[in-house]
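Enquirer: show me the folded form of this:
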Amino acid sequence: MAKPSTTRSPSRTKISVPDSADSDDAERKYRAPALEKGLDVLELMAKEGAPLTTSQIAAQLGRSVSELFRMVLTLEHRGYIAPSDNGEGYELTNHLFTLGMAQSPTRSLLEIALPVMKSLSRTVGQSCHLVAPSGDQMVVVARIESPRDLGFAVRLGYRRRMVESASGLLFYGAYSEAERESWRPELEKGVSKAHWQRFEADAKEAVARGYVRRPSDFVEGVTDLACPVMSREGMVAALIVPYILCNPPQCDQEEVLQHLQQATAKIGGQLVGI
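Expert: Have a look, this model is predicted:
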């Protein structure tokens, strides 16, 4: 090929826009079937939220076990999935969660929140954890354990559906009407009409009050105290103290709630300053 002359005047480069048939061909050309299979597996396991065997994964994705066998082994080898504790199938690890936490907006939130959370935990003698939304679920993104000998703590990366969590009441209630309308079909799935009506009423009340206080649905003797963390964009996280009564109590519930509100206000104030 001849080398272009350096004395030649520049000319416009003609850019051709492919028609729809060309676009379809290009899409097929640049597809990565193996990558798509791996992403399908990860998305399915995240959606199910429970251990799945290779046979169950294959059945739900409409593929053969032999087609996914090496894919599952590779995902296990790279640390994205791991055998479940009961030995029945695989479950997601925190690897994807860790990658997501490396993003700068989240890192800024954690950098600001963790010192405040440590101070809160020392003051009230209780553990606390920070949650953020991920689709229709709430995910624990940071936690501080109780400074006392005994306490209750939630695993990092633990997730629950928005309609089943105290923090979900705050987030849903803080959404605009348009956002609630767009999320409603997804959030209503799998819940009774009575449950949904109660959730909407409780969300409205939670936002009006500015916090949530309710007994845990999973652990007897635990009362969830949750407050919103606000930034310029609105609510970005919720800080929760799973309150347990210890003898002697370092702070009662009212005192913990007051300190929790002060902590979320401090985190939000620093976020606004970024």
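Enquirer: the helix or strand that contains residue 207: what's the following helix or strand?
Expert: Element membership for residue 207, per DSSP states H and E: helix 193-209. Moving toward the C-terminus from helix 193-209, the first helix or strand encountered (DSSP H and E) is strand 212-215.
Enquirer: spell out the secondary structure type for residue 126.
Expert: coil (DSSP: H, G, I helix; E, B strand; the rest coil).
Enquirer: still on that earlier bit, what are the buried residues along the helix holding residue 207?
Expert: Going by neighbour count (16 or more other CB atoms under 10 Å), the buried part of helix 193-209 is 199-200, 202-203, 206-207. For every residue, glycine as well, the C-beta is placed using N, CA and C.
Enquirer: kindly indicate which of those residues lies nearest residue 58.
Expert: In terms of CB to CB, no member of the buried residues of helix 193-209 lies closer to residue 58 than residue 199, at 34.6 Å.
Enquirer: list the contacts of the residue nearest to the closest one when sequence neighbours are not counted.
Expert: Nearest non-adjacent residue to residue 199, counting by CB to CB, 6 or more residues apart in numbering: residue 163, 5.2 Å away. By CB atoms under 8 Å, 6 or more residues apart in numbering, the residues touching residue 163 are 136, 172, 187-188, 191, 195-196, 199.
Enquirer: thinking residue 124 is in contact with residue 251, fair?
Expert: Yes. Judged on CB atoms under 8 Å, residue 124 makes contact with residue 251 at a distance of 4.6 Å.
Enquirer: so between those two, which is more surrounded?
Expert: residue 124 (26 against 16; other CB atoms under 10 Å).
Enquirer: for residue 256, see how far away that one is.
Expert: Using CB to CB, to the nearest Å, residue 124 is found at 5 Å from residue 256.
Enquirer: list residues touching both of the two?
Expert: Contacts common to residue 124 and residue 256, judged by CB under 8 Å, 6+ apart, are residue 241.
Enquirer: buried set for stretch 170-177?
Expert: 170-175.
Enquirer: can you name the residues in contact with it?
Expert: So stretch 170-177 is contacted by 133, 138, 162-163, 180, 183, 187, 199-200, 203-207, 211-212, 226-228, 234-235, 238 (CB under 8 Å, 6+ apart).
Enquirer: neighbours of residue 265, how many?
Expert: When neighbours are counted by other CB under 10 Å, residue 265 comes out with 15.
Enquirer: how long is stretch 147-164 end to end?
Expert: 28 Å (CA to CA, to the nearest Å).
Enquirer: please identify the helix or strand for residue 69.
Expert: helix 65-77.
Enquirer: what about the next helix or strand after that helix, distance to the chain center?
Expert: Next along the chain after helix 65-77, taking DSSP H and E as the criterion, comes strand 81-83. Centre-to-centre, strand 81-83 and its host chain are 19 Å apart (CA atoms, centre = their mean, to the nearest Å).
Enquirer: now do the helices in the stretch 51-200 of the chain.
Expert: Along the stretch 51-200 of the chain, counting by DSSP state H, counting those that start in this stretch, helices occupy 54-61, 65-77, 95-101, 104-124, 166-174, 177-188, 193-209.
Enquirer: of the ones you listed, which stretch is the most buried?
Expert: Stretch with highest mean neighbour count among these: helix 166-174 (a mean of 24; mean count of other CB atoms under 10 Å).
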